[in-house]
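Student: Sequence first, predicted model second:
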Amino acid sequence: MAPKTVSSPATTNSFQSLLRSYNETTLPRLKLIDAFLLFLMLSGIIQFVYCVLVTNFPFNAFLAGFGSCVGQFVLTASLRSQVNPANRAEFKEVSPERAFADFALGSIVLHFFVYNFLG
Amino acid sequence: MSTWSVARWLQLIQHWQLRKRCLHSSAMVSPWRFLSFLGFAAAALAKSSTGNSVLVVLDPGSSRDNFSRFFDGLEARGYELTFRTPKDAHPAVIEHDHPEYSHVILFAPESKTYSSDITPQSLVTLLSKNTNLLIAVSPKATPLTSLAAEFSLILPPPGTPLVSHFPERDTPATVIPVDVSPSNPVLSGSLPPVWFSGVPFAFNSNPHIVPILNAPPQSFAADSDADSGADAVVEAADKGGEGLWAGSSLGLVAGFQTLGGGRATWVGGVDLFSDEYAQKPTLDGNKPGNEQFAADVAAWTFQETGVLRVDGSTHHHVNETTPRDRYTINDRVTYTLRVSKYNPTSAEWEPYSGIDGMQLEFTMLDPHIRTALQPTPGVPGEYSLTFRVPDRHGVFKFNVDYKRKGWSYLQSTTVVPVVPPRHDEYPRFLSPAWPYYAGAISTSAAFLAFCALWLAGDSAEPKKSKSTKSD
């Protein structure tokens, strides 16, 4: 178990080693996906906080904006699991190209609904 | 059955001939005749808003001459009086369910029996058909005294006239000078005291009663004005006034206005209208108010004064001029009501802006809005209001219900549906929603950028991915 204080050298070391190993072992494609996922997560958090703290008045707009982040996150996460070579054994019949096509189609449908709902 | 059908046929034939004659006369109408007809119409113009024919039912014992001032005054104002006694079968007040006269004066307080056309039921029928009644009662029990109870007037037991020993005077205790309230809407201004002798009545709580003349505070109803009969009065007073007709809350003259607009005035003693009382000097030696009082009461009863009507109502969206067949919630809507008052001197309806305290209700089961309907400045007779329709959809009513004592009732109801906005009528691009819009747009933009990078990386990648795979 790592100590809880962030400033302790052990934590710093483990965190740095995590980052290093991530940088070294992760494919650039998956890094791209991870960056996208991080962006979606931050965007969703900001909208949720705004909704809680300021206003949820056009509630349909909140649902659309927040839903687009969540939906896109889900689709992107599934793309990541399908194109990850580590999961090759599990998705034998899904090629990365097929996975991306599924992802693109699903996203286009999602955005269609989002803009209809945005008001 | 056969006699009935023969009579019916005769009636039909007569009716047909009458119509034929009318058609003939209208076909050969000459300008001269038309002019004379106009002149006749002007001369016969009723000062009442409902007509000028009056049936007067007088007791056989009393004659028209006893009330000549009152009746001559009515005729001078354009009324056509027809006299009969209670037992005459002709002319009937109502025939074939159709009132024959615009107004009926029943000055027969002593009569116990009437011919078959005058019954409490027929009088109520007359009233519901907008015929006005002026009814005098007396201490004697007659069919009319039992009818008074239907108007929420409670008469004392028979044979107990109003008695007052104050102020000291040389007349009998039952002949009483009564002060007239100066603020009564039925009467024209302040009048000198009027002489009264007759029976008082207590009022039940009925909102349609218009008290016109109240008894003096010192007066009471008793069967005798002698001291020997005072015990009953004292006893009743000891019981908190139970069963005692006394005090200024008693009415001597009271009007009653039906929802349909018909007016009935009950008078406790017919002598109020008599020439004798009109000429009898009051205690300070002046002329009493009887003559003017009688004229005012007749004018109100025969719907000359205090007569209002709704000419029409309209409503429109605040930026438009024509009524919509439905409104959207939160619309701003203008409601306009036009009211006229009858002017007896010119016999015309004139726009009237003097109503204070009229209210408009916007109702769906309950009034969602109830607010003052003010006269529009500069437009006579028009009352208007602009208000916001509630945030509630359903079938609403514009409702004006104005009931004041002494005035005709004004009622106007307009049904209008209120609907929620159509799908494309909601507000868009609201400023508080911009973070959400930005979130959705940025997600789409990021998605496109991601796709571009992914596809761009695809061609450059194969080797690299192979190399990573081999790792």
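Tutor: Now that the structure is in, tell me what you want to look at.

Student: how about the residues of chain A near chain B?
Tutor: Applying CB under 8 Å from any CB of the partner chain, we find that chain A lies next to chain B at A:27-29, A:32-33, A:36, A:39-40, A:43-44, A:46-47, A:50, A:54-55, A:57-58, A:61-62, A:64-66, A:68-69, A:72, A:76, A:85, A:100, A:104, A:107, A:111, A:114-115, A:118-119. Just so you know, the C-beta spots here come from the backbone N, C-alpha and C atoms, and that holds for glycine as well.

Student: residues touching the residue of chain A at minimum distance from chain B, list them.
Tutor: Ranked by CB to the nearest CB, the top residue of chain A for proximity to chain B is A:Gly65, at 3.4 Å. With contact taken as CB atoms under 8 Å, 6 or more residues apart in numbering or on different chains, A:Gly65 is in contact with A:47, A:114, A:118, B:435-440, B:443.

Student: one more time with 10 Å
Tutor: With contacts defined as CB atoms under 10 Å, 6 or more residues apart in numbering or on different chains, the neighbours of A:Gly65 are A:43-44, A:46-48, A:50-51, A:58, A:114, A:117-118, B:433-443.

Student: In this structure B:Tyr361 contacts B:Ala372, no?
Tutor: One thing to correct before we go on: residue B:361 is Glu, not Tyr. No: assessed by CB atoms under 10 Å, B:Glu361 is found out of contact with B:Ala372, at 11.1 Å.

Student: Looking at those two, which has the bigger crowd around it?
Tutor: B:Glu361 (18 against 11; other CB atoms under 10 Å in any protein chain shown).

Student: quick one: contacts for the residue nearest to the spatial centre of chain A?
Tutor: Residue closest to the average C-alpha location in chain A (CA atoms, centre = their mean): A:Leu37, at 2.4 Å. Taking CB under 10 Å, 6+ apart as the criterion, A:Leu37 is in contact with A:72-73, A:76-77, A:79-80.

Student: Mind doing that once more with 8 Å?
Tutor: Contacts of A:Leu37 by CB under 8 Å, 6+ apart are A:73, A:76-77, A:80.

Student: Could you report the pLDDT at the residue of chain A closest to chain B?
Tutor: In this prediction, A:Gly65 carries a pLDDT score of 95.

Student: Poorly predicted segments of chain A, please.
Tutor: Across chain A, the ranges flagged by pLDDT under 70 are A:1-8.

Student: Just the helices from it, written as ranges.
Tutor: Ranges of helices in chain A, per DSSP state H, are A:9-25, A:28-53, A:59-83, A:96-118.

Student: highest average neighbour count across those helices?
Tutor: Highest mean neighbour count among those (mean count of other CB atoms under 10 Å in any protein chain shown): helix A:59-83, with a mean of 21.

Student: now that helix: how far from the chain's centre is it?
Tutor: 8 Å (CA atoms, centre = their mean, to the nearest Å).

Student: What of stretch B:317-327?
Tutor: On CA atoms, centre = their mean, the centre of stretch B:317-327 falls 30 Å from that of its chain.

Student: Would you indicate which residues of it are buried?
Tutor: B:317, B:327 (16 or more other CB atoms under 10 Å in any protein chain shown).

Student: if we look at it, which residues are touching it?
Tutor: Residues contacting stretch B:317-327 (CB under 8 Å, 6+ apart): B:314-316, B:331-334, B:386, B:389, B:416-419.

Student: Quick one: end-to-end distance for it.
Tutor: Terminal residues of stretch B:317-327 are spaced 8 Å apart (CA to CA, to the nearest Å).

Student: Same check on stretch B:112-127?
Tutor: End-to-end for stretch B:112-127, by CA to CA: 21 Å.

Student: outside of it, which residues touch it?
Tutor: B:57, B:86-89, B:92-95, B:97, B:99, B:104, B:106, B:108, B:133, B:135, B:140-144, B:146-147, B:150, B:258, B:260, B:262, B:264.

Student: Can you show me the strands along the stretch 301-450 of chain B?
Tutor: B:308-317, B:327-328, B:332-343, B:348-351, B:359-364, B:366-372, B:374-375, B:382-388, B:394-402, B:410-419 (DSSP state E, counting those that start in this stretch).

Student: What mean pLDDT does the first one get?
Tutor: For strand B:308-317, the mean pLDDT works out to 95.

Student: Much appreciated, bye for now.
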